[in-house]
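K.L.:
attaching a predicted model along with its sequence, questions to come.
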Amino acid sequence: MVFLFLEVIVELVNIGATSINYWNENSRWYDLWIRHNNYHFEIINLLKTFVKPGWKILDIGAGTGVLSIPLALLGCHVTAIEPSIEMRKIFYDEIDNKKAFNILIDERRWEDFNSFGV
């Protein structure tokens with residue numbers, strides 16, 4: 001599993017998917033892809049087995065909220081870090097559609113956080 005994850009990371013770097021501009025330009029395609037596959041269902045189902053209402057969750061690179069929203073609907077308090085404005089637009093629409101209002105979206109990049117003044 002770790003090797004597959006590392007291969008995915010290397011591929012993302014190779015295609016430039018680590019830049020905000022990449023996600024701004026491809027947010028609609030990503031959203032369409034998410035809506036037509038179920039890769040995230042297994043992750044969500046696993047999380048549902050041990051996540052408890054009231055937990056504080058940090059979702060780094062939250063995208064369109066594919067994990068943040070289900071966790072918020074379980075009663076968690078989610079802070080989602082997503083620097084892409086286009087991904088956040090979709091995320092906000094999904095929050096409204098699914099009535100998942102206990103999510104705080106932070107537009108900073110993870111690299112811009114520091115351990116003293118989060």
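P.N.:
Right, received. Where do you want to start? Numbering: from 1, shown residues only.

K.L.:
what does the helix or strand harbouring Met87 rub up against?
P.N.:
Taking DSSP states H and E as the criterion, Met87 maps to helix 85-98. Residues from elsewhere that reach helix 85-98, judged by C-beta atoms under 8 Å, 6 or more residues apart in numbering: 23-25, 27-28, 30-31, 62-65, 68-69, 73, 80, 82, 100-101, 103, 105, 107. Where C-beta positions appear, they are placed from N, C-alpha and C, glycine not excepted.

K.L.:
ok, of those, which come out buried?
P.N.:
Among the contacts of helix 85-98, those that count as buried by neighbour count (16 or more other C-beta atoms under 10 Å) are 23, 27, 30-31, 62-65, 68-69, 80, 82, 100, 103, 105.

K.L.:
which element follows the lowest-mean-pLDDT helix or strand in the chain toward the C-terminus?
P.N.:
Lowest by mean pLDDT, DSSP states H and E among the helices and strands of the chain is helix 2-14, with a mean of 49. Note on helix 2-14: by DSSP H and E, the next helix or strand toward the C-terminus is helix 20-35.

K.L.:
may I see the buried residues of the helix or strand following that next one?
P.N.:
Going down the chain from helix 20-35, the next helix or strand is helix 39-48, by DSSP H and E. Buried residues in helix 39-48, counting neighbours by 16+ other C-beta under 10 Å, are found at Ile44.
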